[in-house]
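1. sharing a model prediction with you, sequence too.
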Amino acid sequence: MNKSDERIINKQGYRLHMIQTDKFKTINIAAKYSAPLDRETITKRALLPFVIQQGSDQYPTSVSFRQALDELYGASFNIDGSKKGEMHVLTARLSLANPAYLATDEPVLTKALDFFKGALYAPKVVNGGFDPHTLAREKQSLKQKIDSIIDNKMHYANMRMIDQMCADEPYHLHGHGYPEDFATITAEDLYCYYKDVVEHNPLDIYVVGDLEELEIERLIDERFSRDTNNTLTVSRAQHQNVKQLNEIIERQDIQQGKLHFGFRTYTTMNDNDYFALQLFNAIFGGFPSSKLFINVREKNSLAYYAASRFESHKGLLFVFSGIAPEDYLQAKTIILDQFEAMKKGDFTGEQIAEAKLLLINQYKEALDDADGLIEVNFNRFMAGEAALAIDYIDAIKTVSHQEITEMANKLKLDTSYFLTREEK
């Protein structure tokens with residue numbers, strides 16, 4: 001994707017990103033509110049999506065809220081939070097049929113944007129705060145979500161590893177918040193924090209679709225201009241030096257062990273060697289044809305799964321594997337052997353060519369989905385002007401064997417984490 005595919009306009013209090021494409025029969029809008037990860041507010045921030053989706057001032061019940069969407073020819077609305085490096089991003093999404101494909105003269109787009117604005121800027125308020133009954137119910141919903149993490153052992157193991165690996169860094173904070181905070185969060189407190197978010201957090205609004213016949217810029221400007229002029233500032237990731245390997249073993253009443261590794265890559269999306277990291281990960285553990293999958297799972301039958309992924313904005317790479325507890329030492333040896341092989345350049349031109357093809361196809365698939373297209377562009381925007389100017393496919397194609405090997409030697413193993421069964 002070239003820089004010209006996205007038009008970025010600095011508006012009063014927000015930034016508008018317009019992506020013209022005739023690929024979709026929908027108009028997809030995303031409003032992104034960004035702030036640094038902060039232990040003091042993270043649970044409030046995690047609660048907001050749960051509460052906001054339960055109703056607005058105009059549609060005060062979840063039933064009327066959803067019915068209003070149905071009347072907009074099946075439009076959909078959702079909001080969630082995610083960690084991007086050491087930023088916490090709340091994303092509200094609205095998807096509706098492009099009016100050009102509807103047999104009606106109704107101002108569907110105008111009504112949909114009114115709904116979107118109402119959901120975000122005119123929530124249901126009771127006595128100067130959110131509805132306390134709604135808040136109590138949604139606290140329970142969030143608690144159930146948090147409590148369920150321990151049942152997903154892969155997710156749990158990676159969370160626990162990050163807790164230790166990044167203990168002194170904001171990245172260790174849980175994006176879903178902490179149940180121990182619930183007792184001190186009142187309906188008034190949460191509403192006060194909500195107002196700070198929507199009034200002062202840097203706001204980026206993305207619009208994707210066939211926009212040529214629509215006055216989308218004017219319609220959004222009339223509804224989302226703000227007094228604030230805060231702009232998104234993403235500080236470069238603070239990389240920690242690895243002084244010694246941090247090895248952690250945790251025991252629970254389980255049958256399948258989880259063996260995870262955390263590496264420091266010292267590379268983020270705005271670095272020149274970022275695309276070499278993409279190729280390293282693809283060959284090492286990113287796809288079913290990778291070294292980890294072939295050698296740990298297929299050849300030695302030591303893992304139910306074995307894979308790797310990296311965090312583009314923080315400079316971390318994680319290895320995941322599910323193993324029989326008694327195979328711990330052998331699996332650990334073989335996984336680390338694959339890493340050493342990458343450092344020695346022990347991979348072929350054919351493997352590089354296959355990895356490039358897989359990455360390019362994965363990238364194209366992301367662009368074939370409106371939400372995926374928005375995320376690709378937002379990630380690039382967070383990385384800065386240099387990333388916006390780069391053509392992803394061309395950059396992947398030009399990565400060399402030597403650059404991948406150099407990347408492998410740049411990585412440092414920081415933490416190993418093994419979740420295993422209790423001792424008898």
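-> Thanks, I have it. Fair warning: this is a prediction, and the values are worked out from it, not measured in the lab. Numbers count the residues shown, from 1 in each chain.

2. centre-most residue in the protein?
-> Computing the C-alpha centroid of the chain and ranking residues by CA atoms, centre = their mean puts residue 82 first, at 5.0 Å.

3. kindly state the beta-bridge partners for that residue.
-> Judged by DSSP bridges, the bridge partners of residue 82 are residue 89.

4. let me see the contact set for it.
-> Residues touching residue 82, when contacts are defined by CB atoms under 8 Å, 6 or more residues apart in numbering, comprise 88-89, 91, 175. To be clear about C-beta, it is placed using only N, CA and C from the backbone, and glycine gets the same treatment.

5. and of those, the nearest to residue 23?
-> Distances from residue 23 to those, taken as CB to CB, are shortest for residue 91 (20.7 Å).

6. ok, the closest one to residue 422 distance?
-> Residue 91 sits at a distance of 40 Å from residue 422 (criterion: CB to CB, to the nearest Å).

7. looking at the two, which has the bigger crowd around it?
-> Neighbours per residue (other CB atoms under 10 Å) separate residue 91 from residue 422, with residue 91 holding more: 21 against 9.

8. surely that one touches residue 31?
-> Yes: taking contacts as CB atoms under 8 Å, residue 91 lies within contact range of residue 31: 7.2 Å.

9. and residue 417, helix, strand or coil?
-> In the three-state summary, residue 417 is assigned as strand, counting by DSSP: H, G, I helix; E, B strand; the rest coil.

10. let me see the domain layout of this structure.
-> 3-224, 246-421 (automatic domain parsing).

11. so can I have TSV of those showing distance to residue 238 and mean pLDDT?
-> Formatted as TSV, the entries for the domains of the chain read as follows, by distance: least, CB to CB, whole Å; pLDDT from 0 to 100:
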stretch	distance to residue 238	mean pLDDT
domain 3-224	7	95
domain 246-421	9	94
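
12. hmm, who's touching stretch 166-182?
-> Outside stretch 166-182, the residues that touch it by CB under 8 Å, 6+ apart are 36-39, 42-47, 81-83, 85-86, 88, 139, 142-143, 145-147, 149, 159, 162-163, 165, 238, 240, 314, 316.

13. so of these, which ones are in helices?
-> Judged by DSSP state H, the contacts of stretch 166-182 include 42-47, 139, 142-143, 145-147, 159, 162-163, 165 as members of helices.

14. show me where the stretch 251-400 of the chain has helices.
-> According to DSSP state H, counting those that start in this stretch, the stretch 251-400 of the chain carries its helices in the segments 274-281, 291, 328-343, 349-367, 370-383, 385-388, 392-397.

15. out of these, which comes closest to residue 261?
-> Closest of the helices of the stretch 251-400 of the chain to residue 261 is helix 328-343, at 6.8 Å (criterion: CB to CB).

16. tell me what angle that closest one forms with helix 274-281.
-> On the basis of axes from the mean of the first three to the mean of the last three CA atoms, to 10 degrees, helix 328-343 is oriented at 140 degrees to helix 274-281.

17. buried residues, stretch 38-48. List them.
-> Of the residues in stretch 38-48, those with enough neighbours to count as buried (16 or more other CB atoms under 10 Å) are 41-48.

18. distance to residue 130 added to the residues you listed, as CSV?
-> Shown next, in CSV, are the buried residues of stretch 38-48 (distance: CB to CB, whole Å):
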residue, distance to residue 130
41, 15
42, 18
43, 14
44, 11
45, 14
46, 14
47, 9
48, 9
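
19. all strands of the stretch 201-350 of the chain, in order?
-> Assigned by DSSP state E, counting those that start in this stretch, the strands in the stretch 201-350 of the chain fall at 203-209, 246-252, 257-264, 305-311, 316-323.

20. report the separation between residue 367 and residue 309.
-> Spatial separation of residue 367 from residue 309 under the definition CB to CB is 20 Å.
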